[in-house]
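Asker: with the sequence up front, the predicted model follows.
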Amino acid sequence: MKTVIKGLLVGVLLATTAISAIAQDKVVLTMWHNHPEWKDRVEAILNKYEEMNPNIDIQLEEISGTNYNTRLNTALTAGEAPDLFGLNPGPVTADAAAAGYTVDLTDRLDISGLTDSAKAAITLDGKIYSAPILGSYTVGLYYQRKIFEENGLTPPTNQTEFMALCDTLREKGITPMIAPAQDGIIPSFLYAMMVASVVKAEGFDEIRAGTRKFTDPDVLKAAYFLKDSYSCFQEGALATPYVEGKALFALGRGAMLEGGSADYAGFLETNPDVDVGVVPFPAVDGGTPATVTGMEAPYNVNAKSEHIDEAVAFLQWMMTAEPAQMVVDTITLTTTKGIVPSDNEVMKEMIEAGRSNDVRVFYEMPETGAVFGVVQQNAAALFLGDITPEEFAQIVQDAVKPSSSM
Amino acid sequence: MTQNSPPRTTSVLAPQLGRKERPERRATSEIMRKYGHLLFVLPGLVFFVAVMVGPTLFALVISLTNWTGRGISFEFIGLQNFQDALSYWPLYRAAINNVILFVAMLIFQHTVGLFIAVQLNEKPRFMEFYRAVLFMPVIISLVSTGFIWTLMLSSNIGFINPVLRDLGLGFLAKNWLSDPATALPTVIAVTAWNSVGWAIVIYLSGLQNVPEELKQAAHIDGANGWQTFWRVVFPQLSPSFTALTVLTFIGTFKTFDLVYVLTGPLGSPNYRTDVVGTLIYRTAFGGSGNYTDDISMSFAIALALVVFAFMTLIAWALIKILRRREIQS
Amino acid sequence: MANVTLKNLTKTYPGQVTAVDNLSLEIADGEFLVLVGPSGCGKSTALKMIAGLEPITAGEVLIADEVVNEYASRDRDIAMVFQSYALYPHMSVFDNIAFSLQIAKVPKAEITRRVGEVARILQLEDYLRRKPGNLSGGQRQRVAMGRAIIRQPSVFLMDEPLSNLDAKLRVQMRSEIAQIQRRVKVTTIYVTHDQVEAMTMGDRVALMKDGVLQQVDTPDNIYNRPANTFVASFIGSPSMNLYRARLEGEVASCTLVLGGNRLAIPASVFADRAELAAKIGADIIVGLRPEDLEDAALLPTHPADQRLAAHVILNESLGSDHMVHFPIDAPLAKVSDQDSLDEIVVAEGVCIGRFGARSLVKAGQSIEVAVACDRLHFFDAATGLAI
Ligand SMILES: Nc1ncnc2c1ncn2[C@@H]1O[C@H](COP(=O)(O)OP(=O)(O)OP(=O)(O)O)[C@@H](O)[C@H]1O
Ligand SMILES: [Mg+2]
């Protein structure tokens, strides 16, 4: 018996040494990403890099959006996080850096090739901790070209048109809008665009400074619009999970969807024949139609990584023209200067939509960091009439930490 | 005999001397004799400490800090988290849902579960088959169960509503999980479907332990089927009743996966289905938000410990009360 | 009060197990009938059919001359005492006894009165508040009896009610039950596989084997005139010694050839058994009860031609008498399914004699055994039926 066990042990030892010997030939970089629907597209870019750098093996693990933060937080705490991981810019990235989880890339990374807005988004007190390798997303209103054409409709530009359009579509037996509201993410984006249509980019700065409030009479209209828009949602919207909603729209089960540039790749995965257009979200009456832009979680390098140099080199490459072109053609908007979509019409439309009135997402700013989550958590109460728009706006306002008081 | 006395004297003295010379060895063997059997408990004890007591103590320590779960910085803040937990109204909102779930499940298990168990105990044909089918949901992972049911119940892709419409029961079609009126009842129904197998198995084993002669005696004493069941058979099932009640209590208060999969991180609609499990999860790890400012591991652990203490107390009381009933019989 | 009649009662369980085969019996009003037989012979099944707890395959059960086959148990006016007592464990002794009256919605006051009365008869007055779990075996047994008699039924059915008691208590309860039965005078069918109970309690004993009734008669007749070798060996302790033997000579001077021994058979034996003479010269089975064998040293006047020469291999002294084991060189007649609780297992071919207290025989001695030849039992060698 003992000899058998000894034999087994020796065998196991030999096997593990052999495996590690093979592995030692290559530098393995582990990477976590939170968009399983982009897997093939991201792999394609990674493969390109691996072709050019045969000694690098990037192992990509896709984790669905809802679990990503949880798993990453746990892994970071336990010291088992991957070499490369995406984190939202702003407060989250700052927290991770303060906790010593990530490498300070300020002197290691050349970001001169990025657009100015991207540079601004990833810079925290003059320091850089992450690289926006998968670009950014802009959120607007997707619509089904076919449905609109067949019924002689045009995309709405303001609240009145939007609500009228809802009625028209309902009469025709068409679901006006798909809004997977179970986790509150979509309602939170909707509210952001509605607020943006009133306050515009400058007003957004005033909100951050505390000189303008969500409860101001003009901004309050955004809360009313949000409440009204609920009637346009599909059946059971409050229990529809995010992925189900996106799939429903991709399959043409509703005429409109609040969505970002980053969603288009997912539509194509679900339905290759998807035929959609995109416009800024209709304005609160009297305002300007708006879009919201945020960074696709820029990538940080794990402070515990054994291959920091290799990881930084990879991030640097990802911001160059070739991968940036792949990103904008197959995934979402790029943040690398001078790169335009070659034939991705939807991306072109999205860029166009973002030109009129684009504001940055709440959560990337320290002052409004909590606003996004609070809207998520209270939108359902607003929809169900458990709270009034006034109460809703007050709850949101309470989540703001104005910079003047900081 | 007299010749033998000197050696006898030494042999009598020898143990006394020995006792004096080797007091330590005596002492250890004394301890071994008294407590040696505890050694056999040691492996189990070590395991228990490692996987239960250790982590619980660790959790207790964390709950005394303000650690968010991210980073390594924290301060000890005493019992602040517990104080906050007790006045944290979402905890009560969630706990009330647990209570509703518990009461509903309790009634369901002790009526429908018992009824099915009684039917199966009559040994119908294909009994094995029925039993397997009814127990199946118990062994399917709760995540799969929840997922299957969301798919069936969905207002958009589910087949339950279309089937109801086809049957001419369109008025029964509902937005099951998003309508505040039906969301919690739907969660209850799925939980019931999932766990009725337990009730059946527990009651069935109880029923099979009721001697046939007891029922025959009741028949001869003039009792009809109904009287025989309620006055003679059912009282014999009180151990099953206790076990099932306590299991249902524990099960409904620690429910998480099913609810999370059915109605998401925010207990949609508007927390109507939020339970302590999802609340603690959300507090510890965040909802699905892009920004996770509101998470706090230490507060979540404090919540969990408060719930744990409450559950221990109630479960203990339940067992105490229900057991007393049993012993009397 | 009622008589019970079983007509060709038959029970076949699924799988072609015939537990009771064509059982016909008449039990008179007030009679105490003991149903006895080895384990698995169908006693409980028969009783359950009478009680209405087991469907009847064929035949009829009549209670008070009425066919009750289709009646539910509760409509047959019977009470039953189970081997396990089947007391309701969650009820007090009072409620156990009162249960049938409560079900029948008898007024509370009357229930209290009747339970009190029964408790007095059974000496259970001090235990009425207790639960069965806190009673001794004998007390539980009495509660079971109480539950039966409170209903004042026409028929008592008792299925091995004493088999869970220790030997001493069994003896005590045996007489108590018999006394109670005599007092209340209810027709009783009492199942047991204990032959002592059978012999001491019943007015009549019905002996079953493999579902078939072997003999119904008074205890004396069953003992003295067993209908076949099975009955002969089942009743009596130690068992009757059965050997294959042959009769030689003629009625007036007949000799039994038992292996190497020859025993003179008195003519009176033939007078009682008309068919025996025809068996002279043929193989038969002879049965010798142990008490019909005696140490010849104690009976100097016993005829010399009614003695066996024997070599003692074992002497079990009981004080009052001695069980003396000695081999006989005749072939043993085997009785299948012999099963008696008190049976003393003996080596094959060994005969047991019950010698008087004053006998001095010791193992290893060669002795003479006096045989009461006028008390021998004779059976057909082929059928085992008594001659
Ligand atoms: N439910 C049943 N199904 C099939 N066979 C049965 C069933 N109950 C009893 N039997 C068979 O019928 C035969 C008679 O059983 P019964 O219980 O009447 O015996 P018994 O004389 O009461 O024995 P014991 O002295 O051991 O109680 C046995 O061979 C038994 O195996
Ligand atoms: Mg029996």
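Answerer: Alright, I've got the coordinates. Numbers count the residues shown, from 1 in each chain, chains lettered A, B, ... in the order given. Ligands and ions are numbered 1, 2, ... in the order given.
Asker: which bits of chain B sit near chain C?
Answerer: Neighbours of chain C within chain B, by CB under 8 Å from any CB of the partner chain: B:211, B:213-214, B:216-224, B:227, B:231-232, B:235-236, B:238, B:328-329. Bear in mind the C-beta positions are built from the backbone N, C-alpha and C, glycine included.
Asker: just the buried ones among those residues, please.
Answerer: If you count burial by 16 or more other CB atoms under 10 Å in any protein chain shown, the buried members of the residues of chain B next to chain C come out as B:213-214, B:216-223, B:227, B:231-232, B:235-236, B:238.
Asker: closest one of those to C:Val186?
Answerer: Checking those against C:Val186 by CB to CB gives B:Ile220 as the nearest, at 14.4 Å.
Asker: within range of chain B, give me the residues from the stretch 1-150 of chain A.
Answerer: So far as CB under 8 Å from any CB goes, the stretch 1-150 of chain A lies against chain B at A:65-66, A:69-70, A:73-74, A:76-77, A:88, A:91-92, A:95-96, A:98-101.
Asker: quick one: which of those residues sit in strands?
Answerer: Using DSSP state E, no member of these sits in strands.
Asker: make a PyMOL selection of the buried ones in these.
Answerer: In PyMOL, this line selects whichever of these come out buried by 16+ other CB under 10 Å:
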select buried, chain A and resi 65+66+69+70+73+74+76+77+88+91+92+95+96+99+101
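Asker: which ones among the residues of chain B next to chain C are found in helices?
Answerer: Among the residues of chain B next to chain C, DSSP state H puts B:213-214, B:216-220, B:227, B:235-236, B:238, B:328 in helices.
Asker: can you name the residues that contact the nearest residue to C:Ser253 once chain neighbours are set aside?
Answerer: Leaving aside its sequence neighbours, C:Ser253 sits nearest to C:Ala264 (CB to CB, 6 or more residues apart in numbering or on different chains; 7.5 Å). Listed by CB atoms under 8 Å, 6 or more residues apart in numbering or on different chains, the contact set of C:Ala264 reads C:253-256, C:303, C:305-306, C:373.
Asker: same thing but at 7 Å, please
Answerer: For C:Ala264, the contact set (CB atoms under 7 Å, 6 or more residues apart in numbering or on different chains) comprises C:255, C:303, C:305-306, C:373.
Asker: could you single out the nearest of those residues to B:Pro269?
Answerer: Among these, C:Cys373 lies closest to B:Pro269 (CB to CB), at 103.3 Å.
Asker: now for the closest one, how many residues are close by?
Answerer: As a burial measure, C:Cys373 scores 21 neighbours (other CB atoms under 10 Å in any protein chain shown).
Asker: which residues in chain C form helices?
Answerer: C:43-51, C:93-103, C:108-121, C:137-149, C:167-184, C:195-201, C:219-224, C:229-234, C:267-272.
Asker: just those: most buried one?
Answerer: The highest mean neighbour count among the helices of chain C, using mean count of other CB atoms under 10 Å in any protein chain shown, belongs to helix C:229-234: a mean of 26.
Asker: domains in chain A, as residue ranges please.
Answerer: A:28-134+A:296-338, A:137-294+A:347-398 (automatic domain parsing).
Asker: for ligand 1, what is the nearest residue in the stretch 151-300 of chain B?
Answerer: B:Glu212 (9.5 Å; CB to the nearest ligand atom).
Asker: in the stretch 51-200 of chain A, which residue sits closest to chain B?
Answerer: Here the stretch 51-200 of chain A gets closest to chain B at one residue, A:Ala99, 2.9 Å apart by CB to the nearest CB.
Asker: try the stretch 151-300 of chain C
Answerer: For the stretch 151-300 of chain C, CB to the nearest CB, closest residue to chain B: C:Arg151, 7.6 Å.
Asker: mind listing what that residue touches?
Answerer: Taking CB under 7 Å, 6+ apart, we find C:Arg151 in contact with C:79, C:100.
Asker: give me the local confidence score for it.
Answerer: At C:Arg151, the pLDDT value in this model is 87.
Asker: swap in C:Glu125?
Answerer: For C:Glu125, the model assigns a pLDDT of 91.
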